[in-house]
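Asks: Dropping a prediction and its sequence here:
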Amino acid sequence: MIKLIAFDLDNVLIDGEAIDEIAKLVDAETEISKLTRQAMEGEINFETSLQQRMNLLKGASIDDIKDIVEQLPLMEGAEETIKELKNRGFKLATITGNFEIVTERLKELDMDYMCCNKLHEENGVITGEISGPLIVEGSKADVLQKLIDDEDLSAEECAAVGDGANDIPMIQKAGLGVAFNAKSSVKEVADIVIDNKDLRELLPIFEKEKTDETGKESVKSEAKEEVPLKEGKEESSIKEGKEESSIKEGKEEVPLKEDKEEVPLKEDKEDVPLKENTAEEDADDSVKSEGDAKGSEIESDKDSKSQINKDAGKSFSKLLGEKKGLEKDLKVLTQNRDNLNDEARTHKQLRDDLNASIKEILDKALDYRKQRDEINQEVKKYKKLRDETNQELKKLEWSSGRRDIMKIQDEIKKLDHTIETKVLDIRKENELVKKVTDLQKQLQTMQEDENTKKEAIELKERSESYHARVVELSDQAQETHEQMLTYFQKIDEIRAKADDAHAEFISTREKASAKHEEVKTVLKEIRGKNKSLDKAKAKERHKEDMISEKKNIQEKERAEEIYRKFRDGKKLTTDELLLLQKHNIV
């Protein structure tokens, strides 16, 4: 996981070469721009180029330099990118061969480390002398290593972003190298190539990594929320003229299940290095794949010697034919790799678009969940009021004597039913009739309190009102809950598509990576062939020189013999005279 990112300054964090702009102060723009270009292309040593440029800048005013520095534009997207990377927790450093006076331009970016050289001045003008840790060739790698040690990191936890040949050691040192708007030599050694001059293109590469407890990337799969069963509404009823004592419990509130939490967006993994390497033939008919053109490819001696030994004894023409065959293979492999990288980008874009749509739908689902929870709170409130009212109604009915009246009425109905439906002897029937008569007389003496009766009716109406509100709100909660589930189901469908797109992206990226390794292998073979060609050419040239030398010796001996005969009086032919002149004998 990347924790530290090191940036070059010129043409990376600022849009341009600061030293070239400063050169305008001393009318040395052409000469200094040429030296800068040669250093960035790797044509001349960086230390030599830097000192030569300083000699040309000698005498420039410090105040004038500060004015120019303030006008230097930051690279497109620099402020936004640096701010976002810091928010994501990355440590950020600038490692540049430029000077303190120039790095002041970056103070608004709030970098964690600023590593640069110092420009010496005297009486307000620069002396041409410089000092600092970034003067000699390869020093950027040393400075990066010091930062790695200071932060207690490994090289694999660092990334480097650069554009010129002097950035190559730093890019090779880091676990991830990015060639940004870079020279061909840098693209060759980098893991990722960004040609567009917009630093915001770094943000997808350095995304904040999320891990589960095992440290591995995880995509949560939330269980789908169950739809709560809708209970039937119980109705109040009157049995044989007798009202029930209270309103029955109606529809219960929608169950408050544990809701589906926020749908996690699948983490981006870093892209396969989208290199743009191609094999190009130079004037010497030797293949140079961008970085080779400037001699920046670092090869192991073992591989080179192995290739040369393998080609030992082969003629120059045979080696040339083999190299051209490799060039054709390289062209096909490079095209296949680039096609796979394009396909991977397409899958990645589809995945990202789907994940973005998930977030929009998730917001709606969570909004419905919030509404449902608020309605359920209202359901609870009205249920409580209804239940409390029912309890008051029960107490009131018992205290008013109404229960006793209802009990006697029930008993009279049962006795009447028995007398009417059963065959009874005269004695038994008379007993029942008498009992009914006594109960009716007792009932006539009982009278319900009118005030209590009125209060009971009010309580009953209030209870029914609360119950109606419970039912209404429960319906609303159920409807809102179902709307929420609909959106979560949509999320599951889109997430499945995003998973498929992500799987395609990973698969295609792995194929592109494998194809890139084939490209690198063929490039290495071509470089080996170039060395073998050089050796074979030298060997044939040596052979031709030996033949020519032997022929020259023979001609000279013959010329000396002709000269001796000439001195003895022999006449010379034109060819013999020319031979003597060729060897400076006459």
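Replies: Yes, it's here. Residues are numbered from 1 along each chain as shown.
Asks: mind showing which ranges of the chain have poor pLDDT?
Replies: Counting by pLDDT under 70, the chain contains low-confidence ranges at 42, 136-138, 208-308, 397-403, 445-450, 586.
Asks: Strands of that one, residue ranges please.
Replies: Using DSSP state E, the strands of the chain run over residues 4-7, 91-99, 113-122, 125-131, 158-162, 176-180, 192-194, 238-239, 242-243, 280-281, 287-288.
Asks: Quick one: those strands as TSV, columns for mean neighbour count and distance to residue 65 too.
Replies: In this view, the C-beta of every residue, glycine as well, is placed from N, C-alpha and C. As requested, the strands of the chain are exported to TSV (neighbours: other C-beta atoms under 10 Å; distance: least, C-beta to C-beta, whole Å):
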stretch	mean neighbour count	distance to residue 65
strand 4-7	25	22
strand 91-99	23	9
strand 113-122	17	8
strand 125-131	16	8
strand 158-162	28	24
strand 176-180	26	26
strand 192-194	20	30
strand 238-239	8	101
strand 242-243	14	99
strand 280-281	13	39
strand 287-288	22	38
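Asks: Tabulate those strands in JSON lines, adding columns for distance to residue 511.
Replies: Formatted as JSON lines, the entries for those read as follows, by distance: least, C-beta to C-beta, whole Å:
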{"stretch": "strand 4-7", "distance to residue 511": "28"}
{"stretch": "strand 91-99", "distance to residue 511": "33"}
{"stretch": "strand 113-122", "distance to residue 511": "38"}
{"stretch": "strand 125-131", "distance to residue 511": "48"}
{"stretch": "strand 158-162", "distance to residue 511": "24"}
{"stretch": "strand 176-180", "distance to residue 511": "20"}
{"stretch": "strand 192-194", "distance to residue 511": "17"}
{"stretch": "strand 238-239", "distance to residue 511": "78"}
{"stretch": "strand 242-243", "distance to residue 511": "79"}
{"stretch": "strand 280-281", "distance to residue 511": "25"}
{"stretch": "strand 287-288", "distance to residue 511": "24"}
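Asks: Quick check: longest helix in the protein by residues?
Replies: Counting residues, the longest helix in the chain under DSSP state H turns out to be helix 450-567.
Asks: Enumerate every residue touching residue 364.
Replies: Listed by C-beta atoms under 8 Å, 6 or more residues apart in numbering, the contact set of residue 364 reads residue 487.
Asks: Now do it against residue 376, distance only.
Replies: Note on residue 364: its distance to residue 376, by C-beta to C-beta, to the nearest Å, is 19 Å.
Asks: Compute the first-to-last residue distance for stretch 158-172.
Replies: Start and end residues of stretch 158-172 are separated by 11 Å (C-alpha to C-alpha, to the nearest Å).
Asks: Next, give phi and psi for the spatially most central residue of the chain.
Replies: Centroid check for the chain by C-alpha atoms, centre = their mean gives residue 204 as the closest residue, at 3.6 Å. Backbone dihedrals for residue 204, given as degrees, to the nearest 10, come out at phi -70, psi -20.
Asks: what separates it from residue 349, distance-wise?
Replies: According to C-beta to C-beta, residue 204 stands 10 Å off from residue 349.
Asks: And residue 64, by the same measure?
Replies: Using C-beta to C-beta, we find residue 64 at a distance of 48 Å from residue 349.
Asks: Could you measure from residue 426 over to residue 54?
Replies: Noted for residue 426: a distance of 141 Å to residue 54, by C-beta to C-beta.
Asks: err, residue 391, not the other one
Replies: Using C-beta to C-beta, one gets 95 Å for the distance from residue 391 to residue 54.
Asks: Of those two, give the one with the bigger neighbour count.
Replies: residue 54 (21 against 13; other C-beta atoms under 10 Å).
Asks: pretty sure the more buried one contacts residue 129?
Replies: Yes - using C-beta atoms under 8 Å, residue 54 is in contact with residue 129, at 7.4 Å.
Asks: count of neighbours near the nearest residue to residue 202 once chain neighbours are set aside?
Replies: Leaving aside its chain neighbours, residue 202 sits nearest to residue 81 (5.8 Å; criterion: C-beta to C-beta, 6 or more residues apart in numbering). Other residues within reach of residue 81 by the criterion other C-beta under 10 Å amount to 22.
Asks: Residue 81: what's it in contact with?
Replies: With the criterion set at C-beta under 8 Å, 6+ apart, residue 81 makes contact with 199, 200, 202, 203.
Asks: Who wins on neighbours among these?
Replies: Once you tally neighbours by other C-beta under 10 Å, residue 199 ends up highest among those, having 24 neighbours.
Asks: The residue nearest to residue 455 when sequence neighbours are not counted: neighbour count?
Replies: Distance criterion C-beta to C-beta, 6+ apart; nearest residue to residue 455, sequence neighbours excluded, is residue 396 at 6.2 Å. Number of residues near residue 396 (other C-beta under 10 Å) recorded here: 18.
Asks: close enough to count as contact, residue 396 and residue 452?
Replies: Yes - with contacts defined as C-beta under 8 Å, residue 396 counts as touching residue 452 at a distance of 6.2 Å.
Asks: Common neighbours of those two, please.
Replies: Counting by C-beta under 8 Å, 6+ apart, residue 396 and residue 452 have no contacts in common.
Asks: Next, work out how far apart the residue nearest to residue 455 and residue 410 are.
Replies: Residue 396 sits at a distance of 20 Å from residue 410 (criterion: C-beta to C-beta).
Asks: One more: residue 533?
Replies: 119 Å.
Asks: So for the two, which sits in the more crowded spot?
Replies: Neighbours were tallied for residue 533 and for residue 410 using other C-beta under 10 Å; the higher tally belongs to residue 533 (20 against 14).
Asks: give the contact list for that one.
Replies: Residues 286, 316, 319, 320, 323 are the ones in contact with residue 533 under the rule C-beta under 8 Å, 6+ apart.
Asks: Over to residue 106?
Replies: By C-beta under 8 Å, 6+ apart, residue 106 lies in contact with 9, 13, 14, 94, 114.
Asks: Out of these, give me the two with the largest separation.
Replies: The distance between the two most remote of the contacts of residue 106 (C-beta to C-beta) is 13.2 Å, for 14 and 114.
Asks: Nearest residue to residue 161 in space, please, no chain neighbours.
Replies: The shortest distance from residue 161 to any non-neighbouring residue, by C-beta to C-beta, 6+ apart, is to residue 178 (4.5 Å).
Asks: Could you do residue 536 as well?
Replies: residue 316 (4.3 Å).
Asks: and that neighbour, how far is that from residue 404?
Replies: Here the distance between residue 316 and residue 404 works out to 127 Å (C-beta to C-beta).
Asks: And those two? Which one has more around it.
Replies: Taking residue 316 and residue 404 together and counting by other C-beta under 10 Å, residue 316 has the greater number of neighbours (17 against 14).
Asks: my guess is residue 69 meets residue 98, correct?
Replies: No - when contacts are counted by C-beta under 8 Å, residue 69 is not listed as touching residue 98 (9.8 Å).
Asks: Give the residues shared as contacts by the two.
Replies: With contacts taken as C-beta under 8 Å, 6+ apart, residue 69 and residue 98 have residue 18 as neighbours in common.
Asks: Identify each buried residue in stretch 517-530, please.
Replies: When burial is assessed from 16 or more other C-beta atoms under 10 Å, stretch 517-530 yields the following buried residues: 518, 519, 522, 523, 524, 525, 526, 527, 528, 529, 530.
Asks: Over to stretch 335-347?
Replies: Neighbour counts over stretch 335-347 (16+ other C-beta under 10 Å) mark 336, 337, 338, 340, 341, 343, 344, 345, 347 as buried.
Asks: mind listing what the first one touches?
Replies: Looking back up the chat, that one is residue 336. Contacts of residue 336 were listed using C-beta under 8 Å, 6+ apart, and they are residue 515.
Asks: Would you mind measuring from it to residue 511?
Replies: Shown here: residue 336 relative to residue 511, a distance of 9 Å by C-beta to C-beta.
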